[in-house]
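Enquirer: Output the structure for:
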Amino acid sequence: MYFVGDIPNEKCKASLYRWNGKFFLKFETPDMEQTFKISETDVSGEEEVKAFVTEEFLEKVVKRFESMYQDMGEALNGF
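Expert: Reported below is the predicted structural model:
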């Protein structure tokens, strides 16, 4: 996997990678990560993929992280 670059934002770590005909848009917190795989044939290049990361998109990513943390907390309390 080849690192293309970071995508600056205030919400979480966002990075773009390229591998095997796909772009990997990766979002990370200290404990979780989300990865979106986008075929190179569906976009015109890395700048188009970076443009996906709007404030609205980031808000959805953050809400998904919140759900993931809640799910993990519930699962850990079951042990």
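Enquirer: buried sites along the longest helix along the chain?
Expert: If you go by DSSP state H, the chain has its longest helix at helix 55-77. In terms of neighbour count (16 or more other C-beta atoms under 10 Å), helix 55-77 has its buried residues at 57-58, 61, 65. No exception for glycine: its C-beta is placed from N, CA and C like everyone else's.
Enquirer: Can you add distance to residue 23 and pLDDT and give those back as CSV?
Expert: Below are these laid out as CSV (distance: C-beta to C-beta, whole Å; pLDDT from 0 to 100):
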residue, distance to residue 23, pLDDT
57, 15, 97
58, 17, 97
61, 16, 98
65, 21, 98
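Enquirer: who's in contact with the longest helix of the chain?
Expert: Residues from elsewhere that reach helix 55-77 (C-beta atoms under 8 Å, 6 or more residues apart in numbering): 9, 11-12, 14, 27, 29, 31-32, 34.
Enquirer: List every C-alpha atom in that helix, with coordinates, as PDB.
Expert: What follows is helix 55-77, C-alpha atoms only, in PDB (Å, rounded to 0.1, in the frame of the first residue of the first chain):
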ATOM      1  CA  GLU A  55     -17.400  18.800   6.600                       C
ATOM      2  CA  GLU A  56     -20.700  16.900   6.100                       C
ATOM      3  CA  PHE A  57     -18.800  13.700   5.300                       C
ATOM      4  CA  LEU A  58     -16.500  14.100   8.300                       C
ATOM      5  CA  GLU A  59     -19.600  14.600  10.600                       C
ATOM      6  CA  LYS A  60     -20.900  11.200   9.400                       C
ATOM      7  CA  VAL A  61     -17.500   9.600  10.000                       C
ATOM      8  CA  VAL A  62     -17.500  11.100  13.600                       C
ATOM      9  CA  LYS A  63     -21.000   9.800  14.300                       C
ATOM     10  CA  ARG A  64     -20.000   6.400  13.000                       C
ATOM     11  CA  PHE A  65     -17.000   6.400  15.400                       C
ATOM     12  CA  GLU A  66     -19.300   7.300  18.200                       C
ATOM     13  CA  SER A  67     -21.500   4.300  17.400                       C
ATOM     14  CA  MET A  68     -18.400   2.100  17.200                       C
ATOM     15  CA  TYR A  69     -17.200   3.200  20.600                       C
ATOM     16  CA  GLN A  70     -20.700   2.600  22.000                       C
ATOM     17  CA  ASP A  71     -20.900  -0.800  20.500                       C
ATOM     18  CA  MET A  72     -17.400  -1.700  21.800                       C
ATOM     19  CA  GLY A  73     -18.300  -0.400  25.300                       C
ATOM     20  CA  GLU A  74     -21.500  -2.600  25.300                       C
ATOM     21  CA  ALA A  75     -19.500  -5.600  24.100                       C
ATOM     22  CA  LEU A  76     -16.900  -5.200  26.800                       C
ATOM     23  CA  ASN A  77     -19.500  -4.800  29.600                       C
END
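Enquirer: All good on my end, thank you.
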